[in-house]
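Q: got a structure for you, letters missing:
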């Protein structure tokens, strides 16, 4: 485990706590304290009010509770009801496209690590390395989660998920060029309440979760959460005693204590811990390459239930835990000081042997590469916010400090041996403890920032005009070492030694917005903003040279409207932006120099990262429609068109034993970016006396996307994944009275991919081994029962 600098943490925490506590006596007697923040969802968590109108949606995109319709940002929101109806147990379940502009995919060798893009921006290459970052920031209760690893853990008692379309560099800072995903959990209520859910399903799935609120005691409110969810593998591994493919076993716990000693003063402490065991997806070959395939490895052009051969496979284990302390103090009416202090740890292992079906064959040779990796991380963050609200000026100012320690290592070796004719294979003799590391590195990241944003409503045009300006200054610093690459200590120009990274970058991310209230229910806006993805270094490279931040500058116009007595809500947005210094990976031969200065070449290659010299473009349109045509019925539809272009780029790194530069530009594809994506849903609730009947159906479409960013060989085009159309559903009976205590029972049946639709969403082409990829998950279904006290 990486050590945590208590002195650094203590200074930052003490400074924030001291400022709040010292200020408390001076303002304790305030006769008119500021009201508590509004709830972020409707009180009954339903889509409509009693009169049939649509419920107001509250978001915190600008660091304060505000109406979604009056916030001049393109935002999509999933409520707790939406997550339940779609049977979303983890962020990875959003990969079917519940929000069309958000793409979520598992990192295929370990499902607990997630790839995220918004509007086609976020990830172009491997973001699982310690010195690299994603371009979409994920936050839980205001705390930034610094790694892709661990994002796939089980979700517990979520109130809402807000997806803020990027860039979001001003208020959210680093690594939000694509946008931000803000997860909001339910807070302690101070009143006794217990919700317990149990469920079973196909593929051996089962689920149990409980959420307990304790009565307030001496101004303390406590909430406890626990969850267990498990599913057997979707593809059977024929080797006895080995794990199947694409299964998971997740469990976690959460405790939160909210202290409100008096009006306008609060301290909210939370602790969470999670365990996530998963197995990799199963890679299926669907066409031949130029090399010979073994008879025991047939092509698999359709989704399979059983792997062609059995191989050694164990679960990848991810463990996380974290602490958060949020302090709030109302300094005066309309003026709040807020501190968010957090510390988190992550340990992730990887065991990936899911690619054996795409291998080639030679008599009596080894195959089925087992990819092992270990990743450890801890992070500390401290943010201070000053939030003000006057009749004509709303503002927020703050400062942020972040420090992260990360390290990784990797091993790889073959686990199977062919017989003479390729009709059968046996497990090879190996000892993981003696397999040398293929690569190893460690990195320390520090970041500091200061930001401010203000919205002014001048006394003109009937107070309908709103002008917003803001900026954030950020300085990122990364220091680390690459110890091993391709199984050896790096050899650069005859010097055999670990490679050192010591780099820093500073930048300012501005925002300007002009918004106008056409009517009380129709709002339009225009916005310009910037954001970036941090610079870093590639731990698969030889030189470990730093690359610079990637940036996005975006213009956006939008309209948010409600009409027909608030029974119809239509939100529109269109955007275009310049995508610069794009971080692109290039193959580069691993060159070494012997003692006499002669150039040597191994049979391995390394990957170097460089900032592309050209300017890319990102443009698109988005639409979200919600209609409540009659009591109990809600219809929703959303659509996103994305067009991301990246200029063809020359590989600047030497190739071959002579160190030749190939000057032919390489075509670069945007990944995880379907040009067209749409989602629609029907929700119906009908009271039936002592209970209610509820039903939900949603359908999600995307036009397919590229999973790899360049062509496999000159003149050979990269394939695009198949279009997908996935339908999910739920039907149930709710609020069945159990006794006079007020306990209520709800039972439901659910299904994901209800029509059992099949498409290969990920495709990769290798001229030697052929076309292979991953299919979407088959139909899953189950029953759930929930009791509320």
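A: Now that the structure is in, tell me what you want to look at. Since we're looking at a predicted model, the values are computed, not measured.
Q: What ranges does the stretch 101-250 of the chain have for its strands?
A: 102-107, 110-118, 136-140, 143-145, 158-165, 179-185, 193-201, 206-213, 220-231, 248-262 (DSSP state E, counting those that start in this stretch).
Q: Quick one: distance of the helix or strand that the last one is followed by to the chain centre.
A: Spelled out, that is strand 248-262. Next along the chain after strand 248-262, taking DSSP states H and E as the criterion, comes strand 265-278. In terms of CA atoms, centre = their mean, to the nearest Å, the gap separating the centre of strand 265-278 from the centre of its chain is 18 Å.
Q: same for strand 265-278, what does it pack against?
A: On a contact count with 3 or more CB pairs under 8 Å, 6 or more residues apart in numbering; DSSP states H and E, strand 265-278 meets strand 110-118, strand 248-262, strand 316-332. (Glycine included, C-beta is placed from N, CA and C.)
Q: most neighbours per residue, which of the ones you listed?
A: Burial of those is given as mean neighbour count (mean count of other CB atoms under 10 Å); strand 110-118 ranks first at a mean of 27.
Q: how much does that one deviate in direction from strand 102-107?
A: 150 degrees (axes from the mean of the first three to the mean of the last three CA atoms, to 10 degrees).
Q: got the angle between strand 110-118 and strand 136-140?
A: Using the same axes, to 10 degrees, one finds that strand 110-118 and strand 136-140 are set 110 degrees apart in direction.
Q: ok, back up a step: tell me which of the helices and strands packed on strand 265-278 sits nearest to residue 614.
A: Closest to residue 614 of these, according to CB to CB: strand 110-118, at 20.1 Å.
Q: which helices and strands sit right next to that closest one?
A: Other helices and strands packing on strand 110-118, by 3+ CB pairs under 8 Å, 6+ apart, are strand 102-107, strand 136-140, strand 179-185, strand 265-278, strand 316-332, strand 335-352.
Q: Give me the nearest residue to the most centrally placed residue in the chain, chain neighbours excluded.
A: Geometric centre of the chain, nearest residue: residue 116, 4.9 Å, by CA atoms, centre = their mean. What sits nearest to residue 116 in space, not counting adjacent residues and going by CB to CB, 6 or more residues apart in numbering, is residue 136, at 4.2 Å.
Q: From what I see, that neighbour and residue 175 are in contact.
A: Yes: between residue 136 and residue 175 there is a contact at 7.5 Å, judged by CB atoms under 8 Å.
Q: on that earlier part again, indicate which one of the strands of the stretch 101-250 of the chain is closest to residue 675.
A: Of all those, it is strand 102-107 that lies closest to residue 675, at 12.1 Å by CB to CB.
Q: Note down every partner strand of the closest one and its orientation.
A: Paired strands of strand 102-107, with direction, are strand 110-118 (antiparallel) (DSSP bridges).
Q: Specify the angle between the partner strand and strand 158-165 in degrees.
A: Put simply, strand 110-118 runs at 50 degrees to strand 158-165, going by the same axes, to 10 degrees.
Q: which intervals of this protein have sub-threshold pLDDT?
A: Filtered on pLDDT under 70, the chain yields the residue ranges 1-45, 590-605, 656-659.
Q: Please, where are all the strands along the stretch 401-550 of the chain?
A: Under the criterion DSSP E, counting those that start in this stretch, the stretch 401-550 of the chain carries strands at the ranges 425-427, 439-456, 465-485, 491-492, 495-496, 499-517, 522-533, 550-563.
Q: Relative to residue 372, which of those strands is closest?
A: Ranking these by proximity to residue 372 (CB to CB) places strand 439-456 first, at 11.4 Å.
Q: tell me what that closest one is packed against?
A: strand 393-418, strand 465-485, strand 499-517.
Q: Rebuild those strands as TSV, extending it with mean neighbour count and distance to residue 319.
A: As requested, the helices and strands packed on strand 439-456 are exported to TSV (neighbours: other CB atoms under 10 Å; distance: least, CB to CB, whole Å):
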stretch	mean neighbour count	distance to residue 319
strand 393-418	19	15
strand 465-485	20	23
strand 499-517	17	27
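Q: out of those, nearest to residue 611?
A: Nearest to residue 611, of all the helices and strands packed on strand 439-456, is strand 499-517, at 11.5 Å by CB to CB.
Q: one step back: mind checking how far the residue nearest to residue 116 is from residue 612?
A: 20 Å (CB to CB, to the nearest Å).
Q: more crowded one of those two?
A: residue 136 (31 against 22; other CB atoms under 10 Å).
Q: what's near enough to touch that one?
A: When contacts are counted by CB atoms under 8 Å, 6 or more residues apart in numbering, residue 136 touches 116-118, 121-123, 166, 175-176, 178-181.
Q: switch the cut-off to 7 Å
A: Residues counted as contacts of residue 136 (CB atoms under 7 Å, 6 or more residues apart in numbering) are 116, 117, 118, 122, 176, 178, 179, 180, 181.
Q: who's it bridged to?
A: residue 179.
Q: any idea how far it is from residue 172?
A: On the measure of CB to CB, residue 136 and residue 172 end up 10 Å apart.
Q: again, but for residue 565
A: Residue 565 is 35 Å from residue 172, by CB to CB.
Q: With residue 145 instead?
A: 12 Å.
Q: and the two? which has more neighbours close in?
A: Between residue 145 and residue 172, residue 172 has the larger neighbour count (other CB under 10 Å), namely 24 against 21.
Q: Which residue is the nearest non-sequential neighbour of the more buried one?
A: Excluding the flanking residues, the one nearest residue 172 by CB to CB, 6+ apart is residue 180, at 4.8 Å.
Q: And the one you found, how far from residue 230?
A: Look at residue 180 and residue 230: by CB to CB, they are 30 Å apart.
Q: who's more crowded, these two?
A: residue 180 (26 against 17).
Q: What residues of stretch 754-768 count as buried?
A: Judged by neighbour count using 16 or more other CB atoms under 10 Å, the buried positions of stretch 754-768 are 754, 759, 760, 761, 762, 763, 764, 765, 766.
Q: same thing with stretch 233-250?
A: Within stretch 233-250, the residues scored as buried using 16+ other CB under 10 Å are 233-235, 237, 239, 242-250.
Q: In those residues, find the pair that's most separated.
A: Farthest pair in the buried residues of stretch 233-250, by CB to CB: 239 and 250, 24.3 Å.
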